[in-house]
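>>> sequence-free structure coming up:
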């Protein structure tokens, strides 16, 4: 006699089938799996506090909150998140004693809108620089959850953009390419020191595949020394 399959087991099989189907769809997504253009030339600074062009794939010196989101592909750092709104992951580096410094990096979004870096990270929070692409074409600066302003800047997907973030005292200056997009004394007190974090964020569009390269952190003279 053939025994009927228990309902819980059928449900388990169906769940596994759905997960497998989603995995196949993700693997076959041509945009998600497309390679970005070659990244710009690496130009490290002799005085750098930290520098990485991802020539090695061990991510030494970095710490991820979700290791599965981050990998090195063809000498470029790749962040990819499952589709779904408001998903995020961060890759941390640096020292809690860093105070006044500049971060230079190249970034290329492939899917989704949001990409960026957090400076003066304390714990898992700090001053967030969010470069938003298709549909927005702007820069947004937030301290924790407090909006501090930003500006319009064209930054399409599948194109590398150079970002430089300078934080000195409570002053912040952000340059994208050759254009200064934000240059203000912050109206809320920023953390006095902290490392950096690269961001992966699906936002409201529910997608995120982004590449980073050529991350260089250099010290800046303090306000008192200027």
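Good, I have the coordinates. Bear in mind that the values here come from a model prediction, so they are computed numbers and not experimental data.
>>> Mind listing the residues bridging to the most centrally placed residue in the chain?
When CA atoms, centre = their mean is applied to the chain, the residue found nearest the centroid is residue 199 (2.5 Å). When bridges are called by DSSP bridges, residue 199 pairs up with residue 90, residue 116.
>>> Quick check: it vs residue 45, distance?
Separation of residue 199 from residue 45 (CB to CB, to the nearest Å) stands at 23 Å. C-beta here means a position set from N, CA and C on the backbone, and glycine is covered the same way.
>>> Check the burial of residue 38 by counting its neighbours.
When neighbours are defined as other CB atoms under 10 Å, residue 38 has 11 of them.
>>> list the contacts for the residue nearest to the centre of the chain?
Residue 199 sits next to 79, 88-90, 114-118, 128, 130 when contact means CB atoms under 8 Å, 6 or more residues apart in numbering.
>>> Could you report the pLDDT at the closest residue to residue 183 other than its chain neighbours?
Excluding the flanking residues, the one nearest residue 183 by CB to CB, 6 or more residues apart in numbering is residue 173, at 4.5 Å. Predicted confidence (pLDDT) at residue 173: the value is 98.
>>> swap in residue 4?
pLDDT at residue 4 comes out at 53.
>>> again, but for residue 168
Note for residue 168: predicted pLDDT of 98.
>>> hang on, it packs against residue 218?
No: with contacts counted by CB atoms under 8 Å, residue 168 stays clear of residue 218, the gap being 11.9 Å.
>>> any idea how far residue 193 is from the residue nearest to the centre of the chain?
Distance, residue 199 to residue 193, using CB to CB: 20 Å.
>>> Residue 80 too?
The spacing between residue 80 and residue 193, counted by CB to CB, is 31 Å.
>>> What's the first helix or strand after the lowest-mean-pLDDT helix or strand in the chain?
Across the helices and strands of the chain, the lowest-confidence element by mean pLDDT, DSSP states H and E is helix 7-27, at a mean of 52. Sequence order places strand 50-52 as the next helix or strand after helix 7-27, per DSSP states H and E.
>>> Centre of the chain to that following strand, how far?
Centre-to-centre, strand 50-52 and its host chain are 15 Å apart (CA atoms, centre = their mean, to the nearest Å).
>>> burial of residue 31, as a residue count?
So residue 31, with other CB under 10 Å, has 11 neighbours.
>>> 5 is where my numbering starts, stick with that
New numbering, starting at 5: the last item is residue 35.
>>> Quick check: nearest residue in space to it, chain neighbours excluded?
Take residue 35 and drop its neighbours on the chain: the residue closest to it by CB to CB, 6+ apart is residue 115, 5.5 Å away.
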